[in-house]
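Q: What follows is a predicted protein model with its sequence.
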Amino acid sequence: MVESERECIDIITQISAARSALDAITQIVVKDYAMSCVNEFSSEDGTDKMKDLMKLIFKYL
């Protein structure tokens, strides 16, 4: 779009749409990972999984 000299607003709109799509995918992945952490919480390595989950959540907040 930049090379074809499209309007700035069109470029920004596309960037925003791509960012929104990536955010939605990130939410799905984090949700699935959180569910696996909760399921494994009672296991021996559950505490480590929960720590990993918290790091992930706080990194992307």
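A: Arrived safely, thanks for sending. In this text, all values refer to a predicted model and were calculated from it rather than measured experimentally.
Q: Would you map the helices across the chain?
A: 8-40, 46-60 (DSSP state H).
Q: and these, which one's lowest on average pLDDT?
A: In terms of average pLDDT, helix 46-60 trails the rest of these, at a mean of 79.
Q: Run through the residues that contact residue 52.
A: Going by C-beta atoms under 8 Å, 6 or more residues apart in numbering, residue 52 touches residue 37. C-beta here means a position set from N, CA and C on the backbone, and glycine is covered the same way.
Q: out of the helices of the chain, nearest to residue 2?
A: helix 8-40 (6.4 Å; C-beta to C-beta).
Q: The closest one - contacts with which helices or strands?
A: With contacts taken as 3 or more C-beta pairs under 8 Å, 6 or more residues apart in numbering; DSSP states H and E, helix 8-40 sits against helix 46-60.
Q: in the helix it packs on, what's buried?
A: 49, 53, 56 (16 or more other C-beta atoms under 10 Å).
Q: Dump those residues into TSV; add distance to residue 24 as well.
A: Below are the buried residues of helix 46-60 laid out as TSV (distance: C-beta to C-beta, whole Å):
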residue	distance to residue 24
49	24
53	19
56	16
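Q: Among those, which one sits closest to residue 34?
A: Closest approach to residue 34 among these (C-beta to C-beta): residue 53, at 5.7 Å.
Q: What's the local residue count around the residue nearest to the closest one when sequence neighbours are not counted?
A: Nearest residue to residue 53, sequence neighbours excluded (C-beta to C-beta, 6 or more residues apart in numbering): residue 37, at 4.4 Å. Residue 37: 18 surrounding residues under other C-beta atoms under 10 Å.
Q: Next, find the distance separating residue 21 from residue 14.
A: 11 Å (C-beta to C-beta, to the nearest Å).
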